[in-house]
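Novice: here you go, sequence then predicted model.
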Amino acid sequence: MARIASGEMKERLAVYFIMGSQNSERPAADVLKEALDGGVTLFQFREKGPGALKGADKEELARQLQHLCRAYGVPFIVNDDVELALAIDADGVHVGQDDEDARRVREKIGDKILGVSAHNVEEAMAAVEAGANYLGVGPIYPTSSKEDAKEAQGPDVLRRLREAGITIPIVAIGGITAANAKTVVEAGADGVSVISAIASAPSPKAAAAALAEAVRAARTR
Ligand code: 3NM
């Protein structure tokens, strides 16, 4: 796989859905299928927190969700598990600041997509140096989907990163909904990353479509 071009990455980040089995009472594959029907452009398998699957069960669910993503032509990213990503030939890996070092991950995954969580200019610059294809920046708004989330930063953090000269693709995360998606894209994000706005929605399909429309409208302004 050739390393993804920045422009293509920005397009792919429009509606970035993140989910693990712990994020919905419903089967993860059902939720993901509906979300893909609604227009999700990138997916991250994040099997983390209380009740998360491990070992063979985790790999089995990963393969099932990856199969779905492939059917829709949507890249499949694995959160913080390089071995799993390599075992199933995922399209990429996402790591946070407390996970495996981004530079080491880049060495292991070659040209696969590398996403890194960054909370400030210093972390963002280090991630770019390490070879990140995109940055996940958050939490922008309060979130209840991540136990150890930092304090919400507001959309201004996106503006600060852009003003500091960070040009690589950025996806905003944390408490994002169709109602505030426009604000974060206008502040400098290329797209939005969500768990609950889709996984907890009565209709994941309608929720994904609403997010896609909000991002599209904000981008063309
Ligand atoms: N990472 P929701 S916030 C997985 O700030 C994750 O890095 C965050 O879930 C960060 O869309 C978060 O339900 C949870 O708020 C996002």
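Specialist: That came in fine, so what should we check first? Numbering: from 1, shown residues only.

Novice: and the chain, which residues reach the ligand?
Specialist: 18, 117, 136, 138-139, 143, 145-146, 149, 173-176, 194-197 (CB under 6 Å from any ligand atom). All C-beta spots, glycine's among them, are computed from the backbone N, C-alpha and C.

Novice: now do whichever helix in the chain runs longest: which elements does it pack against?
Specialist: For the chain, the helix with the greatest residue count under DSSP state H is helix 55-72. Under the contact criterion of 3 or more CB pairs under 8 Å, 6 or more residues apart in numbering; DSSP states H and E, helix 55-72 touches helix 28-38, strand 42-45, strand 76-79, helix 82-87.

Novice: could you redo the last one with a cut-off of 6 Å?
Specialist: helix 28-38, strand 42-45 (3 or more CB pairs under 6 Å, 6 or more residues apart in numbering; DSSP states H and E).

Novice: what ranges do the helices span in the protein?
Specialist: With DSSP H as the criterion, the chain has helices at 6-12, 28-38, 55-72, 82-87, 102-109, 121-130, 156-163, 181-186, 196-199, 204-219.

Novice: who touches the third one?
Specialist: Spelled out, that is helix 55-72. Ala29, Leu32, Lys33, Leu36, Phe43, Phe45, Glu47, Leu53, Phe76, Ile88 (CB atoms under 6 Å, 6 or more residues apart in numbering).

Novice: I'd assumed Val78 was in contact with Ala90.
Specialist: Yes: look at Ala90 against Val78 with CB atoms under 6 Å: they come within range, at 4.7 Å.

Novice: list the residues that contact the nearest residue to Ala179 once chain neighbours are set aside.
Specialist: Spatial nearest neighbour of Ala179, excluding adjacent residues (CB to CB, 6 or more residues apart in numbering): Ala214 at 7.9 Å. By CB under 6 Å, 6+ apart, the contact set of Ala214 is Ala178, Ala181, Lys182.

Novice: just Val185 next, same as before
Specialist: Val215, Ala218.

Novice: now it: how far from the ligand?
Specialist: 15 Å (CB to the nearest ligand atom, to the nearest Å).

Novice: next, count neighbours for Ala209.
Specialist: By the measure other CB atoms under 10 Å, the count of residues near Ala209 is 18.

Novice: distance-wise, check the nearest residue to it once chain neighbours are set aside relative to Val105.
Specialist: Excluding its sequence neighbours, the residue lying closest to Ala209 (CB to CB, 6+ apart) is Gly38, at 4.2 Å. Counting by CB to CB, to the nearest Å, the gap from Gly38 to Val105 is 30 Å.

Novice: more neighbours, the two?
Specialist: Val105 (24 against 21).

Novice: contacting residues for the more buried one?
Specialist: Val82, Val93, Val95.

Novice: among those, who's most crowded?
Specialist: Neighbour max across those (other CB under 10 Å) = Val93, 27 neighbours.

Novice: I'd say that residue and Leu84 touch.
Specialist: No: with contact defined as CB under 6 Å, Val93 does not reach Leu84; the gap is 9.0 Å.

Novice: shared neighbours of those two, anything?
Specialist: Joint contacts of Val93 and Leu84 (CB under 6 Å, 6+ apart) are Val78.

Novice: from the ligand, how far off is Val31?
Specialist: Distance from Val31 to the ligand, by CB to the nearest ligand atom: 13 Å.

Novice: good, we can wrap up now.
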